[in-house]
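# pasting the structure only:
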């Protein structure tokens with residue numbers, strides 16, 4: 001795991017080495033063990049290294065082929081590099097290191113870019129400079145585990161693992177992208193179609209882009225299809241999943257540094273630990289986090305799994321004071337980001353780094369196997385439309401449930417009925433317009449800000465993925481949309497930044513593309529038998545994990561931010577959200593912000609996600625736009 005950056009100047013000019021060093025060293029925490037820089041006509045490449053494979057100086061980047069005509073900077077891991085390396089050696093290629101990065105160089109020489117990308121299995125973002133063609137190539141892994149930003153302007157191409165590298169290197173002020181803010185308010189993150197700065201773009205997952213003097217060409221190289229289904233029994237699917245997962249875990253356990261696993265006590269991380277224990281002769285190091293509020297803590301389930309497999313178990317308790325890390329988090333993410341679980345993810349990464357450099361996680365199981373509540377909602381919503389008379393389904397029942405919910409609130413069975421009628425009475429596309437942190441945009445946004453947005457609708461970002469999804473039913477389509485949106489934009493971004501702040505590498509077996517392709521071929525009625533979320537994974541986990549840890553209500557990895565906002569952190573919220581600086585931006589209605597603050601503190605409504613988003617957004621402005629909070633204080 002590393003930080004990469006570079007500058008391609010299409011004109012006949014030398015690249016300023018100081019710019020590359022400035023871009024590189026703002027990412028020091030991504031790679032504290034080593035650094036390198038390569039500058040030549042038209043090109044400058046920078047690299048910060050977190051040494052995981054081949055710890056010797058031979059692994060230093062930027063790295064080149066034998067004659068120095070091909071250069072590469074690489075962030076991530078190629079898990080199948082030993083097999084690819086052997087094949088390339090048979091072809092006559094000579095290796096000077098034992099790193100996975102060198103496979104990219106010789107693989108590009110031997111097979112060309114597109115054939116190389118078909119062969120590699122891993123998480124990666126890399127840049128290749130082909131000096132013979134005077135061509136820069138950028139590549140991002142199939143799922144977007146590793147980030148890659150770029151900006152093409154004035155005959156130059158900047159790229160980096162961290163948006164701040166480009167922000168610092170560009171010698172002009174970058175304009176705030178107001179549509180990105182609109183998306184952020186609805187989703188707590190900014191989708192890959194946008195960035196917070198006009199002009200800076202994100203290379204999409206599963207894409208590559210070529211820059212030459214005369215043209216720019218971008219293309220995808222991987223598509224996750226849900227169209228074709230395997231005809232197997234439930235037991236056969238279970239055996240196939242177990243086999244694929246075991247291989248994925250084994251590959252991710254390869255390391256020249258100490259490793260371990262995050263253990264939440266949920267199905268996915270528990271199953272990963274169980275498979276690791278099968279593959280290891282030594283106790284697995286496991287790391288769990290909890291809070292004193294029992295309702296939010298999963299430590300007892302993590303302890304069950306740790307005891308069963310005799311792991312070297314470590315636990316961390318997080319208190320409200322943990323939010324003091326917030327300015328550093330805002331600086332690290334580089335653009336507004338407000339998933340509350342970014343706080344526990346940072347602290348568990350910091351905690352694990354005291355013992356290991358690599359950890360395996362359970363990320364990705366929910367997206368492939370239907371673990372989220374919205375997937376169950378689509379499952380039952382389709383049945384609702386299929387079996388209820390149209391007028392009852394679309395008008396009378398939703399109206400009745402709405403009136404009851406208005407009187408007694410969305411609690412228990414009423415909450416489930418409200419979700420059912422919300423999803424069942426709408427088209428698939430319309431369901432993506434009812435989610436989000438701020439459904440009442442008209443109440444929050446000022447007329448001036450709405451004017452800046454024009455006809456922009458933040459739900460439109462889902463539409464192209466809805467149209468490109470090839471699944472035959474709503475469950476398959478929803479899984480595809482989640483994999484293309486919330487997975488890279490929120491969950492993978494959160495883990496990458498929080499772990500890299502602590503120079504920790506996180507590897508996710510469930511994000512192995514072969515596991516995900518198998519999951520996409522499983523019929524949805526088997527994957528969610530009778531609407532049970534993650535039905536197949538629970539069947540598998542029940543052979544390895546204590547029953548109480550498998551069959552329990554899903555909590556998610558979070559902290560009781562809503563309670564903290566009512567108590568310890570209430571003063572901070574008011575100081576920031578009712579400040580003159582926020583008011584002068586003229587983005588939001590001050591009276592509406594005061595209204596949701598009062599409702600939250602009084603307990604009338606839960607506005608945790610809204611308040612957290614507004615807090616993170618204003619702190620971002622104070623650091624990156626006003627610069628009244630000094631960025632260097634948070635490095």
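Good, I have the coordinates. Everything quoted here is computed from the prediction, not taken from an experiment.
# can you give me the helices for the stretch 251-400 of the chain?
Here the stretch 251-400 of the chain has its helices, by DSSP state H, counting those that start in this stretch, at 267-279, 299-309, 326-333, 342-353, 365-369, 373-387, 390-391, 397-408.
# for the ones you listed, which one ends up most surrounded?
Comparing those on average neighbours per residue, with mean count of other Cβ atoms under 10 Å, the densest one is helix 365-369 at a mean of 26. The C-beta positions use only the backbone N, C-alpha and C, and glycine is treated the same way.
# quick one: residue 51 and residue 354, what's the gap?
Distance of residue 51 to residue 354, given as Cβ to Cβ, to the nearest Å: 17 Å.
# quick one: residues contacting the closest residue to residue 234 other than its chain neighbours.
In space, and not counting its chain neighbours, residue 234 is closest to residue 526: 5.8 Å by Cβ to Cβ, 6 or more residues apart in numbering. By Cβ atoms under 8 Å, 6 or more residues apart in numbering, the contact set of residue 526 is 234, 237, 535, 536.
# re the thing from before, neighbour count: residue 51 and residue 354, which is higher?
Between residue 51 and residue 354, counting by other Cβ atoms under 10 Å, residue 51 is the more crowded of the two (20 against 11).
# what does stretch 597-610 rub up against?
By Cβ under 8 Å, 6+ apart, stretch 597-610 touches 188, 338, 340, 437-438, 561-562, 565-566, 570, 573-574, 577-578, 596, 611.
# residue 236: neighbour count?
Neighbours of residue 236 under the rule other Cβ under 10 Å: 11.
# where does the residue nearest to residue 446 when sequence neighbours are not counted land on pLDDT?
Once flanking residues are discounted, residue 446 sits nearest to residue 586: 5.4 Å by Cβ to Cβ, 6+ apart. On pLDDT, residue 586 comes in at 94.
# residue 103 against residue 84, yeah?
Yes - under the criterion of Cβ atoms under 8 Å, residue 103 makes contact with residue 84 at 4.8 Å.
# any residues in contact with both of the two?
With Cβ under 8 Å, 6+ apart as the test, residue 103 and residue 84 both reach 78, 120.
# more neighbours: the two, which one.
residue 103 (26 against 21).
# for that one, give its distance to residue 88.
If you go by Cβ to Cβ, the gap between residue 103 and residue 88 works out to 7 Å.
# what's near enough to touch residue 126?
4, 72, 73, 74, 75, 76, 101, 104, 138, 139.
# by neighbour count, sort out the buried ones in the residues you listed.
Buried by 16 or more other Cβ atoms under 10 Å: 4, 72, 73, 74, 75, 76, 101, 104, 138, 139, out of the contacts of residue 126.
# spell out the secondary structure type for the second one.
Here residue 72 takes the strand state, with states given by DSSP: H, G, I helix; E, B strand; the rest coil.
# tell me the bridge partners for it.
In this structure, residue 72 bridges to residue 63, residue 128 when assessed by DSSP bridges.
# pLDDT score assigned to it?
If you check residue 72, the pLDDT there is 98.
# and what of the fifth one?
In this prediction, residue 75 carries a pLDDT score of 97.
# please enumerate the strands of the stretch 451-600 of the chain.
505-507 (DSSP state E, counting those that start in this stretch).
# show me where it has helices.
In the stretch 451-600 of the chain, the helices defined using DSSP H, counting those that start in this stretch lie at 460-468, 474-484, 486, 492-500, 513-520, 524-527, 535-541, 547-550, 561-566, 570-577, 580-585, 590-602.
# what mean pLDDT does the first one get?
Model confidence over helix 460-468, given as mean pLDDT, is 92.
# for that helix, packing partners?
On a contact count with 3 or more Cβ pairs under 8 Å, 6 or more residues apart in numbering; DSSP states H and E, helix 460-468 meets helix 474-484.
# ok and the helix it packs on relative to helix 373-387, angle-wise?
Inter-element angle recorded for helix 474-484 and helix 373-387: 150 degrees (by axes from the mean of the first three to the mean of the last three Cα atoms, to 10 degrees).
# what packs against the helix or strand that helix 474-484 is followed by?
Using DSSP states H and E, the helix or strand that directly follows helix 474-484 along the chain is helix 486. Counting contacts by 3+ Cβ pairs under 8 Å, 6+ apart, helix 486 packs against no other helix or strand.
# I appreciate the help and will end here.
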